[in-house]
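Q: heads up, no residue letters with this:
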């Protein structure tokens, strides 16, 4: 048997959530977004590896840049 107070609390919580304007607005645009949510999810999943590739490129060039910058800094110190 379901506790009536639990059911009432659950209904009150659902009503309070529905009362927020944020959820009302999302509820209004949901029918327009619904056909495209899979495409949006795929786009987000594709951008994650592409963005991480930029970090991998920078990480792989770090040793070279450290050598070049240290040599330039040493040369600048010797010239001055």
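A: Good, I have the coordinates. Just so it is clear, the structure is predicted and the values come from calculations on it, not from any experiment. Residues are numbered from 1 along each chain as shown.
Q: List the residues that contact residue 20.
A: By Cβ atoms under 8 Å, 6 or more residues apart in numbering, the contact set of residue 20 is empty. Glycine gets a C-beta too; all of them are placed from N, C-alpha and C.
Q: C-terminal to the helix or strand encompassing residue 7, what's the next element?
A: Secondary-structure assignment from DSSP states H and E places residue 7 in helix 4-19. Next along the chain after helix 4-19, taking DSSP H and E as the criterion, comes helix 21-33.
Q: Contacts for that next one, please.
A: 17, 18, 40.
Q: Turn the residues you listed into CSV, including distance to residue 25 and pLDDT.
A: Listed next are these as CSV, based on distance: Cβ to Cβ, whole Å; pLDDT from 0 to 100:
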residue, distance to residue 25, pLDDT
17, 13, 78
18, 12, 76
40, 17, 92
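Q: Residue 14: how many residues sit nearby?
A: Residue neighbour count, defined by other Cβ atoms under 10 Å, stands at 10 for residue 14.
Q: Could you do the one 10 residues further on as well?
A: For residue 24, the number of neighbouring residues by other Cβ under 10 Å comes to 10.
Q: Now do the same for the residue nearest the centre of the chain: its pLDDT.
A: For the chain, the residue nearest the mean C-alpha position is residue 44 (8.3 Å; Cα atoms, centre = their mean). Residue 44 carries a pLDDT value of 93.
Q: in which helix or strand would I find it?
A: Going by DSSP H and E, residue 44 is part of helix 37-79.
Q: and the angle for that helix with helix 21-33?
A: 110 degrees (axes from the mean of the first three to the mean of the last three Cα atoms, to 10 degrees).
Q: measure the residue nearest to the centre of the chain to residue 18 for me?
A: Residue 44 sits 27 Å away from residue 18, going by Cβ to Cβ, to the nearest Å.
Q: same deal with residue 26?
A: From residue 26 over to residue 18 (counting by Cβ to Cβ), the distance is 11 Å.
Q: coming back round to it: name the residues of the helix holding residue 7 that are buried.
A: By 16 or more other Cβ atoms under 10 Å, helix 4-19 has no buried positions at all.
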